[in-house]
Structure formats: C-alpha cells, structure tokens
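1. here are the coordinates; sequence isn't available:
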Ligand code: C2E
Ligand code: CA
Ligand code: CA
Ligand code: CA
C-alpha cells in the first residue's frame, strides 16, 4: 500500500523525539560522568613516515558508563558541545594529556583536540597556560587540533588566539581537512603549522584516483606554506607508502596503532622505535 504522507510525518516526529530523548539522557549521564570520573584519555601513535618512528600521539577522550558501557565520542561530543560541557571536559582532557606526556620525555609530542565551542565560549589560552604550568610540559611538545568550524564565527578573535598559542611555542593542527568549507588558497592566511588530511580521503586508497588528486593538491600547495602534512586513518602498508611518496610527513591510523591507554602506548613506543 502507498504510504500516507501523514504517516511518514509521524514516524519522523517519533524518531526525532526518540533522538531528542536519547541526547537528553546522554546529557544527564555526561554530567554524572564528569563528576564520577568516568572519562579517560587514550593515545593514538603518530609516525614519521620517512623514518617509521613514533614521534607522538593524539589524545582521544573515552567514556565508560557503568550501564551504557563504552559510549563513542561521536555520540557524546556534540551533546557536550551543545550543552557547553565540552568547555570543562576539554580543559580536563588538555590537563590530563599534558600531565601524561610530561611523565616521559621519550613519548614525544601530544596533540589535543580543542572544540570550536571552547574557542567561542571558553578561555582556551588560560586553559593551555594552566595545563602547561601544572604539568611542566614544554610548550614545544604540545599541538592543539582545531577544525575549520573555529573560523565560522568571530574569525578575527580566533586568529588572535591562534597567534598567541603559536607565540607560546605550541603547534596548531587543522583537523579533518577537506571536509569543511575552506579553499586551499584560504589556508595560507590561517595560523596553522600542520594540516591533517581527513581519513575520508585515505580510506579508499589506493584505488580512488580522486582522493589521491586532492591529497596531491594539498601537499603541493602546503610545500610553499611551510606546513607539515598529517594523514589520518592509515590502515595498510600500501596506503602509508603511497602517502609518504605523495609528500605527507606524518601518519596516523590502525596500521601503526589504535588509541591505547598511556602504559600500553609507552610499551608500543619502546618496541616500535627499538627496531
Ligand atoms: P578525530 O579528531 O578526527 O579523531 C580521529 C578518529 O579516527 C578517532 O575516533 C580515531 O579512533 C579514529 N581512527 C584513527 N585511526 C583510524 C583508522 O585507521 N581507521 C578508522 N576507521 N578510524 C581511525 P574517535 O576516538 O572515535 O573520535 C571521534 C571524534 O571525536 C574525533 O575525531 C574528534 O573529533 C572527537 N574527539 C575525540 N576526543 C576528543 C576530545 O578530547 N575533544 C574534542 N573536542 N573532540 C574529541
Ligand atoms: Ca583530531
Ligand atoms: Ca581528524
Ligand atoms: Ca573527524
């Protein structure tokens, strides 16, 4: 039977309200998570593609709920952003990541994700200064990962903050590059030291010629801008070789290692860099 337009409307309504309830439940549970320390961070290795050595890690927040189990960041980060909780969570992730990195000089650089909401409504500079002071981590070992969404509003203010971060000796990496709005030429105006090519472009290599063409364009343009290129989502040896040959400097992905607890990461690093 032909479905009535009205039916699909109600189906949509009830699906929507289920989703709203889901988000509200997550929001309530997330408040609890912050208070009861259910959040933790894991570290995913970043590898120098020329030497095949681990040179650092990206920190990724994790949430283990007593009943819900492991909740993926995709499900709770946007809820944390919409409620403003990301400001507190992000501040804690930054501090914890710096403390963990400062425990050992051999673990290299640490890259921490900072949300556009923190830039707009938080005090990112104060949070960075606090984390560096509390941990004693050298600013030159820290990278802040941002996405193009930080430039959507208050662009001048954001650029001012990024300049101040770089002045401190901290690096800026532009995450998920290629999925947003900005053009390649726009890139030269932004205070960023690294560009992370989104895993959507890596996933279909080596077959997908269009992805390869985009990666080549990003690499060739960035050569004239003194920016390092990071490729994420590398899962095969062939992808790593191809990206290195294309001119990417740093690689990240399951090929080198999944996100790991700090101790596991340290063990991996020792074994990996020993050979
Ligand atoms: P992202 O910043 O792009 O992080 C990379 C994501 O790709 C991570 O997912 C990582 O586990 C996954 N990944 C790494 N290597 C591979 C691979 O080889 N193949 C595939 N298929 N995936 C790979 P995760 O941990 O689920 O995080 C998802 C997103 O949540 C992150 O994407 C980031 O946007 C956000 N996020 C995570 N931690 C934080 C945080 O502390 N603060 C903020 N603001 N956002 C965070
Ligand atoms: Ca990231
Ligand atoms: Ca990314
Ligand atoms: Ca992403």
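-> Alright, I've got the coordinates. All values reported here derive from a predicted model rather than from experimental measurement. Ligands and ions are numbered 1, 2, ... in the order given.
2. what's the spacing between the most centrally placed residue in the chain and residue 124?
-> The residue lying closest to the centre of the chain (Cα atoms, centre = their mean) is residue 113, at 4.5 Å. For residue 113, the distance to residue 124 equals 12 Å [Cβ to Cβ, to the nearest Å]. Using the backbone N, CA and C atoms, a C-beta is placed for each residue, glycine as well.
3. one step back: quick check: closest non-adjacent residue to the residue nearest to the centre of the chain.
-> Nearest residue to residue 113 in three dimensions, chain neighbours excluded: residue 145, at 4.7 Å (Cβ to Cβ, 6 or more residues apart in numbering).
4. three-state assignment of that neighbour?
-> Here residue 145 is recorded as strand under DSSP: H, G, I helix; E, B strand; the rest coil.
5. Can you name the residues bridging to it?
-> Beta-bridge partners recorded for residue 145 (DSSP bridges): residue 113, residue 173.
6. please begin residue numbering at 17 from this point
-> Okay, residue one is now 17; in that scheme the one you just asked about reads as residue 161.
7. Next secondary structure after the helix or strand that residue 30 is a member of?
-> Take DSSP states H and E as the rule and residue 30 turns out to sit in helix 21-51. Toward the C-terminus, helix 21-51 is succeeded by strand 55-64 as the next helix or strand (DSSP H and E).
8. helices or strands up against that following strand?
-> Helices and strands touching strand 55-64, by 3 or more Cβ pairs under 8 Å, 6 or more residues apart in numbering; DSSP states H and E, are strand 69-81, helix 101-118, strand 125-129, strand 266-268, helix 278-290.
9. So which bits of stretch 84-102 are buried?
-> Under the neighbour-count criterion of 16 or more other Cβ atoms under 10 Å, stretch 84-102 has 87, 92-93, 95-97, 99, 101-102 buried.
10. try stretch 171-186
-> Neighbour-count burial for stretch 171-186 flags 174, 177-178, 181-182, 186 (criterion: 16+ other Cβ under 10 Å).
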